[in-house]
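Asker: Structure, please.
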Amino acid sequence: MGDKTKIMGALVLGAIAGAAIVKLLDTEKGKEFIESAKEKAQSTADNIKARINSLESELAELLNGEKESNTDNHA
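Answerer: A predicted model of the protein is given here:
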């Protein structure tokens with residue numbers, strides 16, 4: 001098989017797989033799956049944001065404590 005034949009075969013298989021996925025996701029179970037995935041993604045994003053905020057607060061506290069200790073040492 002030549003390279004062009006392999007590429008065409010891969011494109012055809014990709015198109016068939018894409019069409020099958022679209023058909024599957026268009027069913028009721030597919031829609032439920034999409035909704036579940038969206039909820040999980042939103043929950044994960046919320047958890048990440050909360051963790052980032054917590055780390056920012058911890059870092060600010062550490063930096064403030066370091067600044068206070070530095071000013072105490074220079075006094």
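Asker: how near is Glu68 to Leu62?
Answerer: For Glu68, the distance to Leu62 (CB to CB, to the nearest Å) stands at 11 Å. Just so you know, the C-beta spots here come from the backbone N, C-alpha and C atoms, and that holds for glycine as well.
Asker: Below-threshold pLDDT in this structure: ranges please.
Answerer: Residue ranges of the chain with pLDDT under 70: 1, 70-75.
Asker: So which residues of it form helices?
Answerer: Assigned by DSSP state H, the chain shows helices spanning 3-25, 28-74.
Asker: would you list the ones you listed in JSON lines and tack on mean neighbour count?
Answerer: Shown next, in JSON lines, are the helices of the chain (neighbours: other CB atoms under 10 Å):
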{"stretch": "helix 3-25", "mean neighbour count": "10"}
{"stretch": "helix 28-74", "mean neighbour count": "10"}
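Asker: And Ser36, how far from Gly30?
Answerer: In terms of CB to CB, Ser36 sits 11 Å off from Gly30.
Asker: Please apply the same query to Glu61.
Answerer: From Glu61 to Gly30 the distance is 47 Å (CB to CB).
Asker: Next: Ala15.
Answerer: Distance from Ala15 to Gly30, by CB to CB: 19 Å.
Asker: How about Ser69?
Answerer: Distance of Ser69 to Gly30, given as CB to CB: 58 Å.
Asker: Next up, phi/psi of Thr27, please.
Answerer: Per-residue torsions, Thr27: phi -80, psi 170 (degrees, to the nearest 10).
Asker: tally of neighbours for it?
Answerer: A total of 10 residues lie near Thr27 under the criterion other CB atoms under 10 Å.
Asker: How about the contacts made by it?
Answerer: Contacts here follow CB atoms under 8 Å, 6 or more residues apart in numbering; on that basis Thr27 touches nothing.
Asker: Recalculate using a threshold of 10 Å.
Answerer: Applying CB atoms under 10 Å, 6 or more residues apart in numbering to Thr27 gives the contacts Phe33.
Asker: what does the one 5 residues further on give?
Answerer: By CB under 10 Å, 6+ apart, the contact list for Glu32 is empty.
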